[in-house]
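In: Sequence and predicted model, in that order:
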Amino acid sequence: MSQFLKSFVKNESGATAIEYGLIAAGIAVVIIVAVDSVGAALITQFTAIATAIN
């Protein structure tokens, strides 16, 4: 049983998975902010075009 606990403590694959998860979450946040920013700019442009047409 103690050998199992020693190997469990030395195993770092779980930490690596958590790190990759944090990186993916950070990238997702950046993408969401970028899409939101572009979306707001597009709404402004389309509103200006619609106003000019009317």
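Out: Yep, that arrived.

In: State the number of residues packed around K10.
Out: Other residues lying near K10 total 7 when counted by other CB atoms under 10 Å. The way it works is simple: take the backbone N, C-alpha and C, and place the C-beta from them, glycine included.

In: so how far is F4 from it?
Out: Here the criterion is CB to CB, to the nearest Å. By it, K10 lies 11 Å from F4.

In: what's the neighbour count on I43?
Out: Close neighbours of I43, defined as other CB under 10 Å, add up to 10.

In: so what's it scoring on pLDDT?
Out: The pLDDT attached to I43 in the predicted structure is 94.

In: do G14 as well
Out: With respect to pLDDT, G14 has a value of 68.

In: same thing with the one 4 residues further on?
Out: For I18, the pLDDT comes out at 85.

In: what's the helix or strand for it?
Out: When elements are defined using DSSP states H and E, I18 is found to belong to helix 13-53.

In: Quick one: list the elements packing against that helix.
Out: Counting contacts by 3 or more CB pairs under 8 Å, 6 or more residues apart in numbering; DSSP states H and E, helix 13-53 is packed against no other helix or strand.
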